[in-house]
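Enquirer: need coordinates for the following:
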Amino acid sequence: MRSRREVLRQGGLAAIGAVGLAGGLELLTRRPATRVMEASQAIPGRVYRGPYDTTEPVSRISDITGYNNYYEFGLDKADPARNAGSLRTRPWTVRIDGLVRKPQTVDIDTLQSWFPLEDRLYRMRCVEGWSLVIPWMGFPLAALLRRIEPGSKARYVQFTSLADPKQMPGVRDPVLQWPYREGLRLDEAMNPLTMLAVGLDGKLLPNQNGAPLRLVVPWKYGFKNIKAITHITLLEEQPKTTWSTAAPDEYGFYANVNPAVDHPRWSQATERRIGDLGRRKTLPFNGYAAQVAGLYKGMDLRRNF
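Expert: Below is the predicted model:
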């Protein structure tokens, strides 16, 4: 199986688009820092018993922070951890506009102060066939949307990442159309599982994991979970997204985890949990079908992949 990284490196997407626009683990003052144990151990100090938390063991924090895709910092899994120290996450503002009644530009610290922060233990399934269990901290996206009041014609939410070649070396390479963009239907965005994360393991997000603000939608493949968000806009029409623009036959707008729909170049029936031996069966909607399957009632999930 060739990964997306290998395809990019071999030039499969090199002709797509042109380069567009252009830390550390601090304690959050709003919450005490607590330690997540290694995946092979019990978790006596930090208990996840919320209505949306998985009961599966937490992945090693070293795996969560050291193995991920973030092409703005390089194509290898270890590149984000090596290169993301150049990203400045303060000051940082997020522009919220489009079909909303209260458009505004807000500082990231003000934004996160608007809402009580919640711990959420979610499975994360990459489209490449690997997975993690991640202890996020953040707030429901629905809370922000209610605050800015979507207009009556709003049907979709589009997210845009920072794309600064001075801070993000990968942006100098036009392997994708920069800045990175993603989108959700408004009802998906309002689902209580959908969150905006500002923390990981009780601390501020590491740069390589999407600081200072990232989307987390646990029933979708990981590429939907856009990092370093600078702009949120509400639209009437379905927005274009980065990977569905780059390779529309391989990456759809919905990107729901579906073991019955293979990627054109590999099976999606099983996954490799980082840190474990062997493979496990992939669950429909990544195990969150009870909470989200109703969003797609009557849809052809093979066609709308």
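
Enquirer: what's the closest non-adjacent residue to residue 273?
Expert: Excluding its sequence neighbours, the residue lying closest to residue 273 (CB to CB, 6 or more residues apart in numbering) is residue 131, at 5.1 Å. Heads up, the C-betas are built off the backbone N, CA and C, glycines and all.

Enquirer: for the one you found, phi and psi?
Expert: phi -150, psi 160 (degrees, to the nearest 10).

Enquirer: what about it, distance to residue 108?
Expert: 28 Å (CB to CB, to the nearest Å).

Enquirer: so between these two, which is more surrounded?
Expert: Each of residue 131 and residue 108 has its neighbours counted (other CB atoms under 10 Å); residue 131 has more, 23 against 19.

Enquirer: please name the bridge partners of the more buried one.
Expert: For residue 131, the beta-bridge partners under DSSP bridges are residue 125, residue 273.

Enquirer: what sits against it?
Expert: 123-125, 271-274 (CB atoms under 8 Å, 6 or more residues apart in numbering).

Enquirer: which of these count as buried?
Expert: 123-125, 271, 273-274 (16 or more other CB atoms under 10 Å).

Enquirer: need those residues in JSON lines with distance to residue 243 and pLDDT, can you?
Expert: JSON lines is the format used below for the buried ones among the contacts of residue 131 (distance: CB to CB, whole Å; pLDDT from 0 to 100):
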{"residue": "123", "distance to residue 243": "20", "pLDDT": "98"}
{"residue": "124", "distance to residue 243": "16", "pLDDT": "98"}
{"residue": "125", "distance to residue 243": "15", "pLDDT": "98"}
{"residue": "271", "distance to residue 243": "19", "pLDDT": "98"}
{"residue": "273", "distance to residue 243": "23", "pLDDT": "98"}
{"residue": "274", "distance to residue 243": "21", "pLDDT": "97"}
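
Enquirer: you'd agree residue 50 is in a strand?
Expert: No: the assignment for residue 50 is coil, going by DSSP: H, G, I helix; E, B strand; the rest coil, so no strand is present there.
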